[in-house]
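[1] Below is the structure, and that's it, no one-letter string:
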């Protein structure tokens, strides 16, 4: 079992919004994050992600890029314009393999870009790094 994030009675566990249209990915990564002590909220597409971010004010968002209804880039644009999520670190998770696409995502304003297939420990490390970097 992984160590839980350090929290006090006054500070709840960080909330992670996990957005992916692949249910198996959501289940796997939610389990890893919850086992590490994070609170996880899930969404299956960009529209659900925007609604969930407004309702739950996540500390970090893991955002798939290729999704129905609203893709990850479109969701990023909306979330970066919302006062409550404008400064929230958003990590792109994509199956794209082209180096140019990854560069485009870096330029779009994502805190990090993870390429699928991504190992659960890499996702956990990226979330922890985003929390440390953006909390400073």
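    Alright, I've got the coordinates. Computed from a prediction, not measured in an experiment: that's the story for all the values here. Numbers count the residues shown, from 1 in each chain.
[2] residues contacting the nearest residue to residue 111 once chain neighbours are set aside?
    Distances taken as CB to CB, 6 or more residues apart in numbering put residue 89 closest to residue 111, at 3.8 Å, once the chain neighbours are dropped. For every residue, glycine as well, the C-beta is placed using N, CA and C. Counting by CB atoms under 8 Å, 6 or more residues apart in numbering, residue 89 touches 59-61, 111-112, 130-131, 133-134.
[3] Highest neighbour count among those?
    Greatest neighbour count in those, by other CB atoms under 10 Å, goes to residue 61: 29 neighbours.
[4] For that one, what is the enclosing helix or strand?
    For residue 61, the element it lies in under DSSP states H and E is strand 60-64.
[5] and that strand, how far from the chain's centre?
    Distance of strand 60-64 from the chain centroid (CA atoms, centre = their mean, to the nearest Å) equals 2 Å.
[6] Residue 92: how many residues sit nearby?
    Using other CB under 10 Å, residue 92 has 26 neighbouring residues.
[7] That one belongs to a helix, doesn't it?
    No - counting by DSSP: H, G, I helix; E, B strand; the rest coil, one finds residue 92 to be strand, located in no helix.
[8] which residues does it form a beta bridge with?
    Counting by DSSP bridges, residue 92 forms beta bridges with residue 63, residue 113.
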